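Visitor: sequence-free structure coming up:
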């Protein structure tokens, strides 16, 4: 068990204790059993104290149902981003997560398309292809971040285009593809969430000052 957990619904991080975390080990009949029983499945429940939504994970611990820990609810590990993030970008991101295990190459291609959508929307850069668009972005963002975006473009090409030598198979595994999804999450946060929260905070401070100034005028 982890010491803390981040809610995929509201991004709230919270400590795990008896009110936020629970576990049960059940067999194929749904009855409580021991962890090493033949058909044992370990279920974990995480309940966010902020939004009250629950995450459910499962792990096959029995001799006949061995499988690694998986998240059952919500259906994927994709984060739930706010409404002000464009729907097309969120859809590509969520689909990239949904097919991560089934087809890492297809997932990488969707991550690549998601990046392109953000470049179009956030930076208003629309050129002949993604290569030119990322090149145009180079002087506008942090160099390390730009290098990672360019690497994602190249890895996304593995799924988007056939190699010149059809006998050469360039593969990408789920762990590698998941790192590309994490990059998409970083960009969504840096290009949409943080600026939005910053604007809300600064606007709120200005409103507080205006309200206090009005109160002061009334008492003069």
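Guide: Good, I have the coordinates. Quantities reported herein were computed from a predicted structural model and do not represent experimental measurements.
Visitor: what's the longest helix in this protein?
Guide: Taking DSSP state H as the criterion, the chain has its longest helix at helix 194-219.
Visitor: what distance separates it from the centre of its chain?
Guide: Helix 194-219 sits 32 Å away from the centroid of its parent chain (Cα atoms, centre = their mean, to the nearest Å).
Visitor: quick check: mean pLDDT across it?
Guide: Averaged across helix 194-219, pLDDT comes to 89.
Visitor: can you check stretch 12-25 too?
Guide: Mean pLDDT, stretch 12-25: 93.
Visitor: Then stretch 48-67?
Guide: 92.
Visitor: Please point out which parts of it sit buried.
Guide: 48, 53, 55, 57-62, 65 (16 or more other Cβ atoms under 10 Å). (Glycine included, C-beta is placed from N, CA and C.)
Visitor: quick one: terminal-to-terminal distance for it?
Guide: Distance between the boundary residues of stretch 48-67 (Cα to Cα, to the nearest Å) amounts to 26 Å.
Visitor: Break down the protein into its strands, ranges please.
Guide: Ranges of strands in the chain, per DSSP state E, are 4-6, 13-15, 21-26, 41-47, 54-60, 67-73.
Visitor: Turn the ones you listed into a markdown table, including distance to residue 154.
Guide: Below are the strands of the chain laid out as a markdown table (distance: least, Cβ to Cβ, whole Å):
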| stretch | distance to residue 154 |
| --- | --- |
| strand 4-6 | 30 |
| strand 13-15 | 33 |
| strand 21-26 | 41 |
| strand 41-47 | 36 |
| strand 54-60 | 33 |
| strand 67-73 | 29 |
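Visitor: Many thanks, have a good one.
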